[in-house]
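Q: What would the 3D arrangement of this be:
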Amino acid sequence: MVVANTNESQRFDAYRDEFRERKQQLEAYYCEKRADRAAARGKFGTAADYYDRALSLRGTLGDREASIALGERLVVTARENGELGRARKHLQRLADLHARDANAPAALAVMEEIISIAERQGDDDALQEWWGNALMALGRAEPDEISEEKRDELVSQYADQIHTQDSASRLYGFALQKLTTGDEEMGLDLLEATWQRRDVVHTHADVYALVLGAGVILAGYASETDYEVDADDLLDSVEEDRESLSERTDALFEYLREGETDADPADFRPEVEDGEPKDLRGLEGEVVADLLET
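A: Purely as a prediction, here's the structure:
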């Protein structure tokens with residue numbers, strides 16, 4: 001008797017769940033249709049409300065593909081209604097959905113839209129936050145997911161838009177990566193961008209050593225190549241805070257000032273297997289060693 005009652009209860013629960021799901025699917029469908037009709041009539045606020053309800057229902061149902069499609073329609077509707085704040089809110093949902101699916105190209109495309117809106121709104125906090133998110137997504141993306149040209153474009157745009165202490169450390173890392181892979185032009189541009197952030201970096205912050213290091217390495221390239229900066233001016237600017245330099249950039253400073261150094265460039269090269277990533281210390285050591293051996 002107990003077994004029979006249990007089975008009956010389970011069947012009832014399954015029927016109830018199926019009925020609820022079907023009801024939600026139908027409601028979502030009709031909300032989408034009403035939204036489409038409202039949008040066609042130019043009633044974008046009404047359309048957005050219906051799309052929003054449909055999106056909530058699709059999310060409850062776990063229909064990620066439909067949720068993404070609805071989110072995109074919500075963004076379009078909000079833009080056409082001049083509601084940038086609402087558009088940004090829905091873009092943030094889309095970015096989260098793409099990130100959960102590990103779809104780096106789609107997530108980055110959405111984040112670029114968020115960044116564009118934040119810039120138009122003059123929201124510096126949001127701009128910094130979403131650039132941080134975009135760079136983290138870029139770092140997690142596989143090499144074949146995002147082209148090198150696109151990566152360079154994003155990093156250059158970041159350098160143009162964000163002038164903060166945190167940006168100095170990020171740009172220094174990007175610069176060193178470029179220099180170690182042979183892209184000297186972009187590497188030097190990013191080093192210069194790092195150096196230009198010395199006015200927003202506290203002298204007692206750890207990142208200050210990186211900003212000074214950028215100045216010394218720029219001076220090194222200016223001394224060895226036709227890069228058009230005044231090496232002596234750079235070294236003069238660094239000299240007062242020379243004690244903040246890392247061991248590697250201090251050796252390069254000494255070499256540039258005095259024409260020699262007791263440091264062995266080989267000691268600065270990181271001991272990592274071919275193809276293994278180098279940390280910031282290793283990248284800096286690689287660049288400095290190359291300059292000392294030139």
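Q: show me where this protein has strands.
A: Assigned by DSSP state E, the chain shows no strands.
Q: shaky segments in it?
A: Along the chain, the model assigns pLDDT under 70 to residues 1-19, 44, 59, 61-63, 273-275.
Q: quick one: contacts for residue 261?
A: By Cβ atoms under 8 Å, 6 or more residues apart in numbering, residue 261 lies in contact with 251, 252, 254, 255, 292. C-beta: built from backbone N, CA, C; applies to glycine.
Q: Let's see that with 6 Å instead.
A: By Cβ atoms under 6 Å, 6 or more residues apart in numbering, the residues touching residue 261 are 251, 254, 255.
Q: Same question for residue 254.
A: Counting by Cβ under 6 Å, 6+ apart, residue 254 touches residue 261.
Q: Distance check, it against residue 176.
A: 20 Å (Cβ to Cβ, to the nearest Å).
Q: hmm, back to that, make JSON lines from the contacts of residue 261 and add distance to residue 84 to it.
A: JSON lines is the format used below for the contacts of residue 261 (distance: Cβ to Cβ, whole Å):
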{"residue": "251", "distance to residue 84": "51"}
{"residue": "254", "distance to residue 84": "53"}
{"residue": "255", "distance to residue 84": "52"}
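Q: Among the residues you listed, which one sits closest to residue 281?
A: Looking at the contacts of residue 261 and their distance to residue 281, the nearest is residue 251, at 13.6 Å (Cβ to Cβ).
Q: So which of the contacts of residue 261 are in helices?
A: Judged by DSSP state H, the contacts of residue 261 include 251, 254, 255 as members of helices.
Q: And these, which is closest to residue 97?
A: Closest approach between the ones in helices among the contacts of residue 261 and residue 97, by Cβ to Cβ: residue 251, at 49.0 Å.
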